[in-house]
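>>> Let's see this in three dimensions:
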Amino acid sequence: MNQQRPATAIIVPTLNEEHYIVPCLSSLLAIRPDYVRQIIVVDGGSTDRTVELVQEVARAEPVVSVLHNPKRLQSAAVNLAARLAAPEVRALLRADAHAVYPPGFIETCIAALGVWRADSVVVPVHAVGVTGLQRAVAAAQNSRLGNGGSAHRTGTAAGRYVEHGHHAAFDRDAFLRIGGYDETFSHNEDAEFDHRLCLSGGRIWMAEQAVTYFPRRTFVSLAQQYRRNGAGRARTIKLHRMRPRLRQLMPLILLAASLGGLALMPESRWFGLVPLLYALCCLAWGIIGAIRTRDAWLLAMGPAAITMHMAWAVGFIRSWLERPLGTATGQQWHPRPEV
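As a prediction, the model looks like this:
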């Protein structure tokens with residue numbers, strides 16, 4: 001673990017992150033090793049104080065800089081910084097502005113690239129809320145009911161090679177070799193990239209050190225996020241002709257069963273038990289969580305989970321019904337057939 005680390009650039013995509021960007025940058029600066037040569041904030045046209053706050057940090061910390069991202073999407077932001085980072089930079093670390101980073105995080109991720117001969121390093125993510133409703137959303141996202149047992153949400157796959165996880169570090173050459181992120185993706189660009197990386201023979205290592213993530217603060221923004229996540233997942237599956245997993249099918253099954261039950265109620269009121277039982281199960285789960293934690297806000301865990309499930313399913317279906325896709329990335333990369 002004493003081997004020399006590669007020169008590293010940290011990339012932070014932003015768009016209206018005035019509530020989170022300073023804590024994010026402060027946490028990164030507090031743990032920054034000497035080999036981190038740049039912290040590049042790539043802003044997609046924020047209309048709040050995000051850029052102003054970053055510039056204030058940059059005046060005190062010259063390692064911090066700001067790039068303008070005309071394409072606005074975080075996939076384009078990471079690609080832009082990956083191309084424009086200093087020539088000596090050999091490793092990239094993607095940092096979410098909605099997160100704070102613990103001591104040792106950078107060293108753990110960058111070391112894993114070399115120790116495990118990985119092309120990408122991913123990490124578990126643990127949601128934490130500050131406001132009452134945000135705590136409920138965080139609890140939903142941390143649970144199997146909310147996340148479906150996703151490995152990087154449960155932390156069960158840490159310390160081994162995986163097919164997907166919360167993006168942290170990349171070998172710069174490997175990232176650029178396969179064209180970076182697909183810039184036509186507003187969401188799920190990470191999973192689409194991981195699939196292409198694995199197809200190309202790359203290896204993804206899941207480190208054990210989790211990231212603290214701050215989820216959306218309202219049901220509306222949560223629904224918008226999960227609708228886009230569902231749409232992105234549908235595009236990835238359709239583009240690469242992948243077989244969806246059970247946890248990805250469950251929101252679709254729940255939506256279909258609930259709508260079917262409501263539609264068939266004129267034939268028999270018993271059909272109404274289907275959506276009713278689903279809602280009651282989610283609400284009961286929230287009640288149990290509130291009692292265990294003695295936090296009344298966790299009563300909203302059930303509605304948060306329902307919002308996540310239904311929005312994800314709607315986004316998936318709408319995206320699936322769109323016209324067939326062309327190329328897989330903004331770099332005109334064509335998918336290889338699955339073997």
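
>>> Spell out, range by range, the strands that occur in the stretch 1-150 of the chain.
With DSSP state E, counting those that start in this stretch as the criterion, the stretch 1-150 of the chain has strands at 8-14, 36-43, 64-68, 91-94, 99-100, 120-123, 125-127.

>>> Could you single out the most deeply buried of the ones you listed?
Comparing these by mean neighbour count (mean count of other CB atoms under 10 Å), strand 120-123 ranks first with a mean of 27. Using the backbone N, CA and C atoms, a C-beta is placed for each residue, glycine as well.

>>> before we move on, back to that, output the strands of the stretch 1-150 of the chain in CSV; the columns should cover distance to residue 234 and mean pLDDT.
Supplementary listing: the strands of the stretch 1-150 of the chain in CSV, determined by distance: least, CB to CB, whole Å; pLDDT from 0 to 100:
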stretch, distance to residue 234, mean pLDDT
strand 8-14, 22, 98
strand 36-43, 26, 98
strand 64-68, 30, 98
strand 91-94, 23, 98
strand 99-100, 26, 94
strand 120-123, 22, 96
strand 125-127, 22, 92
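
>>> looking at those strands, which is closest to residue 168?
Nearest to residue 168, of all the strands of the stretch 1-150 of the chain, is strand 120-123, at 4.8 Å by CB to CB.

>>> Put the alpha carbons of that closest one into CSV.
Output of strand 120-123 as CSV, limited to C-alpha atoms (Å, rounded to 0.1, in the frame of the first residue of the first chain):
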residue,chain,number,x,y,z
SER,A,120,-13.0,1.3,-12.3
VAL,A,121,-13.6,1.4,-8.5
VAL,A,122,-17.1,1.7,-7.2
VAL,A,123,-18.4,2.1,-3.6
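
>>> Packing partners of it?
Under the contact criterion of 3 or more CB pairs under 8 Å, 6 or more residues apart in numbering; DSSP states H and E, strand 120-123 touches helix 105-115, strand 166-171, helix 189-199, strand 204-206.

>>> now with 7 Å?
For strand 120-123, the packing partners by 3 or more CB pairs under 7 Å, 6 or more residues apart in numbering; DSSP states H and E come out as helix 105-115, strand 166-171, strand 204-206.

>>> Quickly run through the sheet partners of it, with directions.
Using DSSP bridges, strand 120-123 pairs in its sheet with strand 166-171 (antiparallel), strand 204-206 (parallel).

>>> where are the low-confidence patches of the stretch 101-250 of the chain?
Within the stretch 101-250 of the chain, the ranges that satisfy pLDDT under 70 run 154-156.

>>> Would you enumerate the residues in contact with residue 25?
Contact analysis of residue 25 by CB atoms under 7 Å, 6 or more residues apart in numbering lists 39, 57, 64.

>>> mind checking pLDDT for it?
As predicted, residue 25 sits at a pLDDT of 98.

>>> do you know how far it is from residue 10?
Separation of residue 25 from residue 10 (CB to CB, to the nearest Å) stands at 9 Å.
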